[in-house]
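Engineer: Need the 3D shape of this:
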Amino acid sequence: MKKNYNYTRRKLYLPEYGRHIQEMVDSLFEIEDRTERTRQAKAVIAVMGNLNPLLRDTADFTHKLWDHLFIMSDFQLDVDSPYPLPSRQDLMIKPKRLDYPQSYIPYKHYGKYVTRFIKQLSEKGGEEQIGGEVHKIAVFMRYKSFEYNQEHPSNEIITKDIRRMSDYNIEISEDVLNNTRPEYKLFHTPYQRQGKNNARQGQKGKGTHSQQQKRNKNVARHNSQK
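Structural biologist: Here you go, the predicted structure:
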């Protein structure tokens, strides 16, 4: 028995349609009459549309099906299409390669935008004008550091990092940050959330256990009185 594996067959142009649709497209070349070949091509288009019935009412869906038909025929099918015949150059255009930004981030736990914003503030000058903005950045830095390292940095570390990122042009006091509260919700990992849920369940279990002990004592006292 001769086995017919897919790796021995011809490569599919559009594998999402399957080999049966590809064989139907290949059978169109065997029809000599152009009118009959066009009629059979429309029947193949109808079968292709049945694979995605939810997309029939979308715009240009039929146009895409005809383009796919010509792609699967290697642009050699001669039929009367209701749309302009596509060319290989138009459908096989490769997108331009995007250059990935390669920039060094000295403080990854804060992010690159924090460093850029602090440098822009250092160029403005005027401690009264930038004081409030630097204070908000410091609170945000504390939040991002906790999200990255799972621990709150001290105010001394934050002030030192701000001085370094601003090339020592911005001075901020630690006393200003001592009484501040984070304006962002703390990020908890799934393990931390699971630990909290286990602790809550343990507290509930202790409560039910103590209540059961009280009930047993009341029943024993009632039986002794009898």
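Engineer: how about the strands in this protein?
Structural biologist: Under the criterion DSSP state E, the chain contains no strands.
Engineer: Give me the domain ranges for it.
Structural biologist: Structurally, the chain divides into domains by automatic domain parsing as follows: 11-91, 112-178.
Engineer: Mind telling me which of these the model trusts least?
Structural biologist: Of all those, the segment with the smallest mean pLDDT is domain 112-178, scoring a mean of 80.
Engineer: Around L65, how many other residues sit close by?
Structural biologist: The burial metric for L65, expressed as a neighbour count using other C-beta atoms under 10 Å, is 21. C-beta coordinates here come from the backbone N, C-alpha and C atoms, glycine included.
Engineer: Show the contacting residues for V79.
Structural biologist: For V79, the set of contacting residues under the criterion of C-beta atoms under 8 Å, 6 or more residues apart in numbering consists of 28, 34, 37-38, 41.
Engineer: filter the residues you listed to the buried ones?
Structural biologist: Neighbour counting with 16 or more other C-beta atoms under 10 Å marks 28, 37-38, 41 as buried within these.
Engineer: And the furthest pair within these?
Structural biologist: The most widely separated members of those are L28 and T38, with 9.2 Å between them, by C-beta to C-beta.
Engineer: Turn the domains of the chain into CSV, columns for distance to Q102.
Structural biologist: Compiled in CSV, the domains of the chain are given as follows (distance: least, C-beta to C-beta, whole Å):
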stretch, distance to Q102
domain 11-91, 33
domain 112-178, 12
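Engineer: Now do the end-to-end distance for stretch 97-110.
Structural biologist: When the termini of stretch 97-110 are compared using C-alpha to C-alpha, to the nearest Å, they are 29 Å apart.
Engineer: Tell me the buried residues in that stretch?
Structural biologist: If you call a residue buried by 16+ other C-beta under 10 Å, then stretch 97-110 has these buried ones: 107, 110.
Engineer: so how far is that stretch off the chain centroid?
Structural biologist: 19 Å (C-alpha atoms, centre = their mean, to the nearest Å).
Engineer: To what extent is I172 buried, counted in neighbours?
Structural biologist: Taking other C-beta under 10 Å as the criterion, the count of residues near I172 is 21.
Engineer: which ones are touching it?
Structural biologist: Contact analysis of I172 by C-beta under 8 Å, 6+ apart lists 131, 134-135, 138, 159, 162-163.
Engineer: Kindly recompute the last result at 6 Å.
Structural biologist: With contacts taken as C-beta atoms under 6 Å, 6 or more residues apart in numbering, I172 has the following neighbours: 134, 159, 162.
Engineer: how much space between Q76 and L85?
Structural biologist: 11 Å (C-beta to C-beta, to the nearest Å).
Engineer: who's more crowded, the two?
Structural biologist: L85 (13 against 7).
Engineer: okay, now the nearest residue to the more buried one once chain neighbours are set aside: neighbour count?
Structural biologist: Excluding its sequence neighbours, the residue lying closest to L85 (C-beta to C-beta, 6 or more residues apart in numbering) is F70, at 6.9 Å. As a burial measure, the neighbour count of F70 was computed by other C-beta under 10 Å and equals 22.
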